Each structure stands twice: as C-alpha cells, then as structure tokens.
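Engineer: Sequence first, predicted model second:
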Amino acid sequence: MVQPLEELNEALGSFVEQGERFVLLLTSQDEEIPLIVKALDALDGESPSDVFFTDVTPVRNGKQYADEVIRNAWNQLAEVNAERQEKGMPPLAEFPPGCWAPEWTPAQRLATLIRHMTSWLPAGEDGAQHRLVFTLLPADIQDREAHAQILGSLVPFQDYEPWMSSIRLVLRDDAVAPFAQSALRKAGVRSVYMYNTRLTVAAIADATAQQAENTELPPAIRINAFLQCATFDVAMGRYDAALQKFGQLYLYYEQYQLTEMKALVTHAVGDILMRVARFPAARDKFLQALDLASDAKSLALIMQIAASLGDVDMQMRAFPEAAKSYGIGANAAEKIGNSYARADLLEKCGVAHASLGDLRGAVEAWTAAAVAARSFFYHQRLSSVLERLRDVSAQGGYRDVAANYERELREVRQRLSAPV
C-alpha cells in the first residue's frame with residue numbers, strides 16, 4: 001500500500017480507537033472522497049463492535065442536504081431492521097420527529113439524528129467498547145455557507161456532553177477553498193483532530209512510482225507498485241503505457257508461475273481493448289484470462305472475467321455466448337457467497353436470453369436474480385428485475401402474475417424512498 005493511503009488508514013483507525021476527541025476534520029478534494037470512503041468501509045469490516053454510517057451527499061442547500069442524509073440513514077435503518085426481523089431480533093428504534101421537523105435547522109435535525117443513532121449501540125454487556133462512527137463527506141460542496149453552518153454547529157466549541165463519548169464524528173472541509181481549520185483555531189477549539197488528505201490521483205501516482213523505483217524495497221512490493229502504476233495509466237487514459245506495463249508484468253508473473261496474476265493482467269489488457277472498441281481482440285483476451293483464472297481456481301477472478309466476457313459478447317451481438325458467460329459468472333458468485341454480483345449477472349443473463357427471443361430463459365434468469373436480491377435486501381437490483389418480470393408477464397397475458405410482481409415492486413420502491 002502506498003504511503004498516503006497507509007497514513008490515512010492509520011489516522012482513521014487511531015481516531016476511532018482514542019477517546020479524547022470525538023471529531024476528525026478531513027480537509028480533502030472532491031476526487032479523494034471515494035478513497036476515503038473505501039478506507040472507512042475497510043475499517044468498518046475490521047470493527048464489528050462499532051456502527052458505521054458514511055454519507056457522501058452533495059451540499060446544494062441546507063434543507064436538501066439534511067433531507068438526503070436523513071433519508072439515507074433511514075434506508076440503512078430499514079435494511080438493518082429487515083435483517084433483524086429475519087433473525088427474530090427486535091427492531092432498532094425509529095427516528096424521532098425532530099429528524100423530519102421542517103421548522104428545525106438542518107444542523108439541529110442532523111444533530112438529532114446523530115444522538116438518536118447512538119441508541120443503536122449495544123448496551124456493552126459483552127465488555128466491548130461500542131462506538132458510532134458517523135461520517136459526512138459531501139462529494140460536492142455547492143452551497144458553502146450552508147455547509148459551513150452545519151459543520152460549525154456539529155463541532156463542540158464547549159465541553160463534551162456525556163452522551164458524546166461513544167461518537168466518532170468525521171467531517172469534511174474542502175481543500176480547494178478551506179475555512180474550517182483556521183476558523184476552529186481562531187475560536188480556540190483544541191478538541192478536534194485535523195488531517196489534510198493526500199489522495200489525489202497525482203499524489204497517489206507519484207508515491208506509487210517512487211515505490212516502484214525504490215531498489216531498497218523487496219521485489220514483491222516494487223512489482224505491486226508497478227501494477228498500480230499500470231492501473232493509474234488506465235485511469236488517466238494512457239492506454240499504450242498501460243499495455244506496455246501489463247506486458248512486462250505478465251512476463252514477471254510467468255517467470256514465477258503466478259497464474260492468478262497472469263489472469264489478472266490479461267483481463268486488464270482485455271478491458272483496455274474493450275474501452276477502445278476492439279471487441280474481437282478484447283474477447284480473445286477475456287477467454288485467455290478466463291482459462292488462466294480457471295487453472296488458478298480463483299472464483300473471484302472467474303466471476304469478474306466472465307462478466308467482462310458477457311459484456312463484450314453483448315457488444316458483438318453474440319447473445320448465446322453472452323448468456324453462457326453471464327451464467328458462468330453468476331455460478332462463481334454463488335460459490336463465493338456474493339449474492340449482489342450474482343443478482344447483477346443473472347439480470348444481464350436474462351437480458352441476453354431476451355435478446356435471443358428466449359423469454360423462458362429470460363424469466364428463469366430474472367427469477368433467480370430476484371431470489372438472490374431478496375436474500376441480501378438488494379432493493380435496487382430487485383426493483384429492476386421485478387419490473388422486467390412484471391412486463392414480460394403482462395405481455396404474455398399472465399395478468400395475475402404481473403399483478404403480483406407489481407405489488408411487490410411497489411413495496412420495494414417504498415423501501416427505497418423514505419418519507420421526508
């Protein structure tokens with residue numbers, strides 16, 4: 001892992017573990033938000049005793065921002081309560097009226113939400129320390145005044161109240177036009193950790209290139225950095241440079257008989273060819289990568305490569321092959337327990353069958369996709385699949401079946417949109 005990412009991971013982990021300050025202010029650019037979210041997601045996976053809520057809603061105005069953040073939290077509550085009901089557990093408490101009160105300021109409503117969400121934490125009988133890690137990382141700050149008012153209201157300028165001890169609040173200031181750090185220092189606020197992120201593409205690429213060229217590092221670390229340099233080339237549209245690096249990487253992995261890594265870079269080459277619309281060449285690379293992944297018995301790679309192969313088959317209007325490819329990916333997803341990817345791939349498989357005029361095959365695939373989506377409360381995919389099943393049932397004259405799908409579809413869409 002490159003240094004800027006290591007430093008961020010360490011800062012986030014230390015902040016959650018410490019108990020002296022409950023606010024971390026990240027001064028960051030818009031493009032850095034996805035990497036920060038990824039770091040928080042990883043920390044969430046390592047901290048089963050804590051509750052994480054991370055939101056990236058843009059700030060267009062204060063009311064809109066509070067509305068959307070609270071709606072997203074409500075959706076998370078609905079999913080958690082559905083899971084708890086399946087397990088025979090009591091539901092978590094619904095939001096208090098103040099969260100929705102139109103006469104309250106956006107900051108008051110968000111503060112009410114944060115305080116309420118602390119009630120979701122276990123009582124602590126297990127001896128573990130439980131924390132709410134509540135993160136507001138607006139991906140785009142259009143209304144800077146509204147953002148400043150919300151941020152300033154959430155930061156404690158006086159002593160903490162006892163209920164705040166279980167909270168870790170992560171907030172964002174915009175590195176392009178920062179204001180919060182200087183304002184907090186002028187106000188004499190010393191109870192907030194401040195951190196300037198260095199996660200822009202340029203910063204990460206520079207740090208990665210330095211790792212790749214550092215002869216004092218172990219070869220494994222250098223080659224991994226070289227691989228990351230190749231992926232940066234792809235992200236920046238430098239396809240020729242990326243292809244050259246992937247070719248060198250393939251030779252290295254072949255020398256050390258690293259079949260899984262050979263599959264990975266071959267897949268990456270196919271992806272580049274796909275991007276430049278060289279579909280037959282891309283298909284050849286995906287088939288080669290799929291063979292390598294099968295030899296390596298890497299189900300995760302088989303799933304990803306089969307999905308890419310299905311996509312290029314669809315571009316080439318090779319619908320039978322696309323259905324087969326998506327089916328291979330869906331089976332791999334099932335074996336590794338990835339119901340989300342399985343639902344996605346089965347929906348695509350159904351589209352391929354429908355493109356052939358094979359409505360029976362389409363319905364079978366979409367029905368299986370609905371089962372996978374229901375099992376993990378994947379409402380977005382379930383909504384899409386139910387709409388397809390409703391339409392094809394109606395077209396076939398199965399009105400009662402179509403009505404049942406329509407009824408379930410309405411229920412799913414209600415879960416996707418909270419009352420505000």
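Structural biologist: Cool, got the structure. Since we're looking at a predicted model, the values are computed, not measured.

Engineer: Check the secondary structure at the closest residue in space to A101 that isn't next to it in sequence for me.
Structural biologist: In space, A101 comes closest to R109 once its chain neighbours are excluded; the distance is 6.6 Å by C-beta to C-beta, 6 or more residues apart in numbering. All C-beta spots, glycine's among them, are computed from the backbone N, C-alpha and C. Three-state call for R109 (DSSP: H, G, I helix; E, B strand; the rest coil): helix.

Engineer: doesn't P96 make contact with R109?
Structural biologist: No - if you go by C-beta atoms under 8 Å, R109 and P96 don't touch, sitting 10.0 Å apart.

Engineer: Quick check on these two: which one has the bigger neighbour count.
Structural biologist: Neighbours were counted for R109 and for P96 using other C-beta atoms under 10 Å; R109 has more, 23 against 13.

Engineer: what sits against that one?
Structural biologist: Shown in contact with R109 (C-beta atoms under 8 Å, 6 or more residues apart in numbering): 66, 70, 98-101.

Engineer: Pull the number of nearby residues for S355.
Structural biologist: What S355 shows, counting by other C-beta under 10 Å, is a neighbour count of 15.

Engineer: could you measure K87 against A362, distance?
Structural biologist: Look at K87 and A362: by C-beta to C-beta, to the nearest Å, they are 34 Å apart.

Engineer: the more surrounded of the two?
Structural biologist: A362 (23 against 6).

Engineer: Quick check: which element contains the more buried one?
Structural biologist: Assessed by DSSP states H and E, A362 sits inside helix 359-375.

Engineer: Tell me the first helix or strand C-terminal of that helix.
Structural biologist: That would be, after helix 359-375 and using DSSP H and E, helix 379-395.

Engineer: Could you list every helix and strand in contact with that next one?
Structural biologist: helix 339-356, helix 359-375, helix 399-416 (3 or more C-beta pairs under 8 Å, 6 or more residues apart in numbering; DSSP states H and E).

Engineer: Just the buried residues of stretch 332-346, please?
Structural biologist: Residues 332-334, 338-339, 341-346 are the ones in stretch 332-346 that count as buried (16 or more other C-beta atoms under 10 Å).

Engineer: Could I get those in a markdown table, plus columns for distance to L26?
Structural biologist: A markdown table is the format used below for these (distance: C-beta to C-beta, whole Å):
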| residue | distance to L26 |
| --- | --- |
| A332 | 37 |
| A333 | 34 |
| E334 | 38 |
| N338 | 30 |
| S339 | 33 |
| A341 | 30 |
| R342 | 35 |
| A343 | 33 |
| D344 | 31 |
| L345 | 35 |
| L346 | 38 |
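
Engineer: which one of the residues you listed sits closest to F377?
Structural biologist: S339 (9.7 Å; C-beta to C-beta).

Engineer: hey, where'd the strands end up in the stretch 101-250 of the chain?
Structural biologist: 132-136, 167-174, 192-196 (DSSP state E, counting those that start in this stretch).

Engineer: can I have the first one written out in PDB, keeping just the CAs?
Structural biologist: Provided in PDB are the C-alpha atoms of strand 132-136 (Å, rounded to 0.1, in the frame of the first residue of the first chain):
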ATOM      1  CA  LEU A 132     -20.900   5.200  16.400                       C
ATOM      2  CA  VAL A 133     -18.600   6.400  13.500                       C
ATOM      3  CA  PHE A 134     -20.800   9.000  11.800                       C
ATOM      4  CA  THR A 135     -19.200  10.400   8.600                       C
ATOM      5  CA  LEU A 136     -20.300  13.300   6.500                       C
END
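
Engineer: Okay, angle between the host helix or strand of A78 and helix 379-395 too, please.
Structural biologist: Here A78, judged by DSSP H and E, is contained in helix 62-86. Relative orientation of helix 62-86 versus helix 379-395 (axes from the mean of the first three to the mean of the last three C-alpha atoms, to 10 degrees): 80 degrees.

Engineer: so what does helix 62-86 touch, helix or strand wise?
Structural biologist: strand 51-55, helix 106-117, helix 144-154, helix 399-416.

Engineer: Nearest to R168 among the ones you listed would be which one?
Structural biologist: Here strand 51-55 is closest among the helices and strands packed on helix 62-86 (C-beta to C-beta), at 9.4 Å.

Engineer: distance between that closest one and the chain's centre?
Structural biologist: 12 Å (C-alpha atoms, centre = their mean, to the nearest Å).

Engineer: just the CA coordinates of it, formatted as CSV?
Structural biologist: Presented in CSV, the C-alpha positions along strand 51-55 are these (Å, rounded to 0.1, in the frame of the first residue of the first chain):
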residue,chain,number,x,y,z
VAL,A,51,-21.8,1.1,14.0
PHE,A,52,-20.7,3.0,10.8
PHE,A,53,-22.7,5.4,8.8
THR,A,54,-21.0,7.2,5.9
ASP,A,55,-22.7,9.7,3.6
